[in-house]
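Colleague: sequence isn't available, so here's the structure alone:
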């Protein structure tokens, strides 16, 4: 294995596997190096600290979700309203799946949340940025109105209004029987607030 | 002091003071009894366990806020829209004040939140009940519409959409410089969603 070029991507893939096995408190850089058949010094040449490696692997894991969501943002065959609803439902389902099926990486993400990491700030900025694009599409269509709010502030308000369905602090509530109906009710209210009527 | 009748109310007032001094992890029933000049057995005759006493004192502390909010609910000189906005702003300011100026009782409340206590469930039910009354007032006035949602579900959606501004898990964000503007933006969106237009 050590004969293959040691890329950052290979290190991140191995780190993800190691985190899945041992969790954020027990996984070490030595475990990652052993899984790759290299010295831990080789890993440190790509990621200078354990914290930097943890940030990078979480970013990669979060970026998979924003990549999926981007396809919804760019689906110009759908109305902005349809895209906004599907985007929020997909975000909710992706976060719930991560919390349920990938608990060790979710726990790693929660460690970063408690540390106010830049990775988390960037993830939130990515999400609000995608919402901004959908709102902009609705304004261009003439189906959305924002009153006196600017588009990024309107996108932030939509993000804030749905926080119960994507902020990891609520993960325990995502398995309750009414949660999907409650998300749909909030989305009805939000979309009614955005929609041009009359 | 022991010659005064030992009422539940006197015990709760003393417990609140003791919690303020020592916090939820260090305060004991013996401290409460000493503050009242009675035996701890006398306290246990009113509250059978330390947990029951902690629940009761937190309920009394939370009920002060719902009492203030009730005056807004019942202010029939104001429109439903005006009441809904003032109610949410008051709830936010009251929670922020409790988190900032009353940290030991806020910490007690957080203990109950982690334990999924009945007191917390009742507090949330009280708040959603008050929102239901305001929405009902708006429907009667003819200024609010809920589409196909029933009134309690609509009230729950309003409560969920504003959760960033009243759930104690977000207390650290309530001192950020943009927080009031962000609450106003969510309330604009929610009220736009409720308002009859056209």
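Modeller: Sure thing, it's come through. Keep in mind that what you see is a predicted model, and the values were worked out from it rather than measured.
Colleague: just give me the neighbour total for residue A:40.
Modeller: If you count neighbours by other CB atoms under 10 Å in any protein chain shown, residue A:40 ends up with 15. Any C-beta I mention is one placed from the backbone N, CA and C, and that applies to glycine too.
Colleague: how about it, nearest residue that isn't a chain neighbour?
Modeller: Closest residue to residue A:40 apart from its sequence neighbours, by CB to CB, 6 or more residues apart in numbering or on different chains: residue A:33 at 4.2 Å.
Colleague: ok, residue A:190 next?
Modeller: residue A:161 (5.4 Å).
Colleague: quick one on the thing from earlier: quick check: the residue nearest to residue A:40 vs residue A:59, distance?
Modeller: As for residue A:33, its distance to residue A:59 is 21 Å (criterion: CB to CB, to the nearest Å).
Colleague: buried residues, the host helix or strand of residue A:97. List them.
Modeller: Per DSSP states H and E: residue A:97 is located in helix A:80-101. Using 16 or more other CB atoms under 10 Å in any protein chain shown as the test for burial, helix A:80-101 gives A:80-81, A:83-89, A:91-96, A:98-99.
Colleague: stretch A:33-44 now?
Modeller: A:33, A:35-36, A:38, A:43.
Colleague: follow-up on the earlier one: contacts only, for the residue nearest to residue A:40.
Modeller: A:39-40, A:42-43 (CB atoms under 8 Å, 6 or more residues apart in numbering or on different chains).
Colleague: show me where pLDDT drops low in chain A?
Modeller: A:1-3, A:198 (pLDDT under 70).
Colleague: which residues of it lie near chain B?
Modeller: Chain A comes close to chain B at residues A:147, A:149, A:153-154, A:156-158, A:160-164, A:169, A:181-182, A:185-186, A:188-194, A:197-198, as judged by CB under 8 Å from any CB of the partner chain.
Colleague: emit the PyMOL select command for whichever of the residues you listed are buried.
Modeller: This is the PyMOL syntax for the buried subset of these, where burial follows 16+ other CB under 10 Å:
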select buried, chain A and resi 149+153+154+156+157+158+160+161+162+163+164+182+185+186+188+189+190+191+192+193+194
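Colleague: so what's the residue nearest to the spatial centre of chain A closest to, chain neighbours aside?
Modeller: Geometric centre of chain A, nearest residue: residue A:62, 4.2 Å, by CA atoms, centre = their mean. Distances taken as CB to CB, 6+ apart place residue A:123 nearest to residue A:62, at 4.7 Å, with adjacent residues excluded.
Colleague: what helix or strand is that neighbour located in?
Modeller: For residue A:123, the element it lies in under DSSP H and E is helix A:118-141.
Colleague: how far off centre is that helix?
Modeller: 12 Å (CA atoms, centre = their mean, to the nearest Å).
Colleague: now do the buried residues in that helix.
Modeller: For helix A:118-141, a neighbour-count test (16+ other CB under 10 Å) marks A:119-120, A:123, A:126-128, A:130-139 as buried.
Colleague: you'd agree residue A:190 is up against residue B:192?
Modeller: No. Judged on CB atoms under 8 Å, residue A:190 makes no contact with residue B:192 at a distance of 9.4 Å.
Colleague: now do the shared contacts for those two.
Modeller: With CB under 8 Å, 6+ apart, residue A:190 and residue B:192 have no common neighbours.
Colleague: for the residue in chain A positioned nearest to chain B, give me its contacts.
Modeller: Going by CB to the nearest CB, chain B is nearest to residue A:193 of chain A, at 3.3 Å. Shown in contact with residue A:193 (CB under 8 Å, 6+ apart): B:188-194.
Colleague: can you check residue A:22 too?
Modeller: Counting by CB under 8 Å, 6+ apart, residue A:22 touches A:31, A:104.
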